[in-house]
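Participant: need coordinates for the below:
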Amino acid sequence: MTRDEPLLAAEAGRRELWTGNEAIVRGAIEAGVGLVAGYPGTPASEIGDTFARLAGPLGIAFEYSVNEKIALELAFGASLTGCRTLASMKHLGLSSGADPLSTMPYVGVVGGMVIVSAADPGCLTSPNEQDQRHLARMFGLPVLDPANPDEARRMTAWAFELSERCALPVLLRITTRVCHTRAPVELGARPTERRRPEFRRDPKRFVPTPMNARAMREELSHRLDRACALLTASPFNPRSGAAPATGLRRGLIASGAPRSSVRAALRRLGGDPPLLELGALHPLPHDVILP
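Facilitator: Alright, predicted model coming up:
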């Protein structure tokens with residue numbers, strides 16, 4: 001068995017020991033992704049490298065783009081045909097693609113579009129730190145922030161559905177710890193049918209001239225409301241623990257990879273305080289974005 005064969009497995013329920021990047025690849029496969037574009041950069045490089053090997057067996061389109069801006073534009077253009085697409089890059093690349101990305105939520109997507117942007121807290125492989133959640137808040141992008149590889153697989157698969165239901169690109173914000181940690185991942189089912197992309201001309205919908213953009217901005221508000229409702233109802237913001245018997249109103253809030261560390265620390269300490277884990281973040285200005 002080659003290392004890529006489990007990623008192509010058809011059956012659901014089996015468990016594999018995968019990194020977060022491998023789990024993201026599998027989640028996209030389960031969602032029926034039809035096009036992947038990206039620019040390599042640690043800690044996200046393995047996503048593109050794996051799809052480069054699997055594109056042929058999967059029958060999907062793959063491109064190492066000249067830069068992250070081109071990768072985003074290619075994925076967005078393909079999504080307008082109804083194709084499910086994924087663009088991968090590291091945190092610096094999202095800033096590189098900010099020009100087209102700022103308009104994409106106005107136009108909206110047709111097929112689900114997921115943007116995987118890997119952050120690098122601690123500058124382990126990067127010249128700086130950036131928190132892409134703030135960019136997502138500014139542009140109006142729903143954010144999914146997995147805590148471990150298994151959740152990365154589940155979030156990726158669901159992100160395409162979320163994207164289509166609110167007609168917005170979805171940012172999957174991962175970090176070095178999730179990308180390169182190896183942990184058990186439970187497989188979901190692969191789709192049995194493949195979509196047939198078809199572009200339907202609609203200048204009023206797809207061409208953001210100033211007159212159209214003003215109407216798009218109004219529609220964007222409604223899409224963001226839908227996104228917030230879907231994120232609130234998602235299973236990715238679990239609550240656990242019990243209120244202190246003393247009546248003190250104290251608890252913990254954790255987001256992203258630190259959620260796993262908080263859970264581990266509580267197990268070692270033997271405590272059970274209220275814990276809110278934020279894995280699905282709202283894109284509206286009144287939402288709380290944690291550092």
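Participant: would you map the strands across the protein?
Facilitator: 15-19, 35-38, 61-64, 85-90, 113-119, 143-144, 170-175, 182-186, 239-240, 252-255, 275-278, 280-281 (DSSP state E).
Participant: save these as a markdown table, and put in distance to Glu161 too.
Facilitator: In short, each C-beta sits where N, CA and C put it, glycine included. Output for these, formatted as a markdown table (distance: least, CB to CB, whole Å):
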| stretch | distance to Glu161 |
| --- | --- |
| strand 15-19 | 22 |
| strand 35-38 | 17 |
| strand 61-64 | 21 |
| strand 85-90 | 14 |
| strand 113-119 | 10 |
| strand 143-144 | 12 |
| strand 170-175 | 9 |
| strand 182-186 | 18 |
| strand 239-240 | 23 |
| strand 252-255 | 22 |
| strand 275-278 | 20 |
| strand 280-281 | 13 |
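Participant: need the winner for burial among the ones you listed.
Facilitator: strand 85-90 (a mean of 32; mean count of other CB atoms under 10 Å).
Participant: and it with strand 170-175, angle?
Facilitator: 30 degrees (axes from the mean of the first three to the mean of the last three CA atoms, to 10 degrees).
Participant: show me the contacts for the nearest residue to Ala213 once chain neighbours are set aside.
Facilitator: Nearest residue to Ala213, sequence neighbours excluded (CB to CB, 6 or more residues apart in numbering): Tyr106, at 5.8 Å. Taking CB atoms under 8 Å, 6 or more residues apart in numbering, we find Tyr106 in contact with Pro208, Ala213, Met216, Arg217, Leu220.
Participant: which of these lies closest to Met138?
Facilitator: Leu220 (12.8 Å; CB to CB).
Participant: TSV please, covering the strands of the chain and showing distance to Arg226 and mean pLDDT.
Facilitator: Converted to TSV, those look like this (distance: least, CB to CB, whole Å; pLDDT from 0 to 100):
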stretch	distance to Arg226	mean pLDDT
strand 15-19	32	96
strand 35-38	24	98
strand 61-64	29	97
strand 85-90	20	97
strand 113-119	16	97
strand 143-144	15	97
strand 170-175	12	96
strand 182-186	29	97
strand 239-240	23	90
strand 252-255	22	91
strand 275-278	19	92
strand 280-281	14	91
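Participant: top of the contacts of Tyr106 by number of neighbours, please.
Facilitator: Compared across the contacts of Tyr106, Met216 has the highest neighbour count, 21 neighbours, by other CB atoms under 10 Å.
Participant: now the helices: where do they sit in this structure?
Facilitator: For the chain, the helices defined by DSSP state H occupy 20-30, 45-58, 68-79, 91-96, 98-101, 104-107, 132-139, 149-166, 176-180, 203-206, 210-233, 258-269.
Participant: relative to strand 182-186, how tilted is the last one?
Facilitator: The one in question is helix 258-269. Here helix 258-269 runs at an angle of 100 degrees relative to strand 182-186 (the same axes, to 10 degrees).
Participant: now for helix 258-269, which elements pack on it?
Facilitator: strand 252-255, strand 275-278 (3 or more CB pairs under 8 Å, 6 or more residues apart in numbering; DSSP states H and E).
Participant: okay, buried residues for that helix please.
Facilitator: In terms of neighbour count (16 or more other CB atoms under 10 Å), helix 258-269 has its buried residues at Pro258, Arg259, Ser260, Val262, Arg263, Leu266.
Participant: okay, the angle between that helix and helix 149-166?
Facilitator: Using the same axes, to 10 degrees: helix 258-269 against helix 149-166 is 140 degrees.
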